[in-house]
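Student: Here's a sequence, model it:
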Amino acid sequence: MRTAPVLARSSRILRGVFSLLLVALWAIVPNTALAEGTDSLTIQLNKLETEGDTCRAYIVLENRSDLSFEALRLDLVMFDVDGVIARRLAVDAAPLAAGRTSVRVFGISNLACDNIGRVLLNDVLNCADATGERADCMDRIAPDSIAGVPFIK
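Tutor: Residues are numbered from 1 along each chain as shown. Okay, the predicted model is just below:
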């Protein structure tokens, strides 16, 4: 009856292979739990609109956390369609209430909207809730865009 040890060994090998496949799958699938979870802040570049020689940018901030942000200052870099830095702006996005969605509008002077190739969230210059400054704000932010221009970090 040599069949039992062979089957037991085959079963252990299959469990090992299955475990390795699960680990490999976990490693290649992006971890979006924070970005989609209840502790995130989604900032969506929603619309770019030309107004004279200024491009007006509309961002939608969806605060899915239980924190109210008293300060949230974003360092944004606009690249032109050739990938060259065209403008850098500091944008105030606060106050931002817990569990709420807000819209902010800001102007990008002397830059045509159709010359913007992408927008980079370069840094969070200031971030504070009611208790004071926070260090994890950049990690909480999930950038998104439906404006036809990528918004990345």
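
Student: Tell me how the protein divides into domains.
Tutor: 1-30, 33-152 (automatic domain parsing).

Student: Need the winner for burial among these.
Tutor: The highest mean neighbour count among the domains of the chain, using mean count of other CB atoms under 10 Å, belongs to domain 33-152: a mean of 16. For glycine as for every other residue, the C-beta is placed from the backbone atoms N, C-alpha and C.

Student: Tell me the helix or strand right after the longest strand anywhere in the chain.
Tutor: Longest strand in the chain by number of residues (criterion: DSSP state E): strand 116-129. Of the helices and strands lying after strand 116-129 in sequence (DSSP states H and E), the nearest is strand 132-133.

Student: other SSEs contacting the helix or strand following that next one?
Tutor: Toward the C-terminus, strand 132-133 is succeeded by helix 137-140 as the next helix or strand (DSSP H and E). Counting contacts by 3 or more CB pairs under 8 Å, 6 or more residues apart in numbering; DSSP states H and E, helix 137-140 is packed against strand 116-129.

Student: With just CA atoms, put the strand it packs on into CSV.
Tutor: Provided in CSV are the C-alpha atoms of strand 116-129 (Å, rounded to 0.1, in the frame of the first residue of the first chain):
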residue,chain,number,x,y,z
ILE,A,116,-1.8,70.6,-20.2
GLY,A,117,-0.6,67.0,-20.7
ARG,A,118,-0.8,65.8,-17.1
VAL,A,119,-1.0,67.0,-13.5
LEU,A,120,1.2,65.7,-10.7
LEU,A,121,0.4,65.8,-7.0
ASN,A,122,4.0,66.5,-6.1
ASP,A,123,3.6,66.9,-2.4
VAL,A,124,1.2,67.9,0.4
LEU,A,125,2.7,71.1,1.8
ASN,A,126,0.4,71.4,4.8
CYS,A,127,-2.1,69.0,6.2
ALA,A,128,-3.8,69.3,9.6
ASP,A,129,-6.9,68.0,11.2
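
Student: and that strand, which strands flank it?
Tutor: Sheet pairing of strand 116-129 (DSSP bridges) gives strand 69-80 (antiparallel), strand 132-133 (antiparallel), strand 151-152 (parallel).

Student: Which residues are in contact with residue 56?
Tutor: Residues in contact with residue 56 (CB atoms under 8 Å, 6 or more residues apart in numbering) are 48-50, 105-108, 113.
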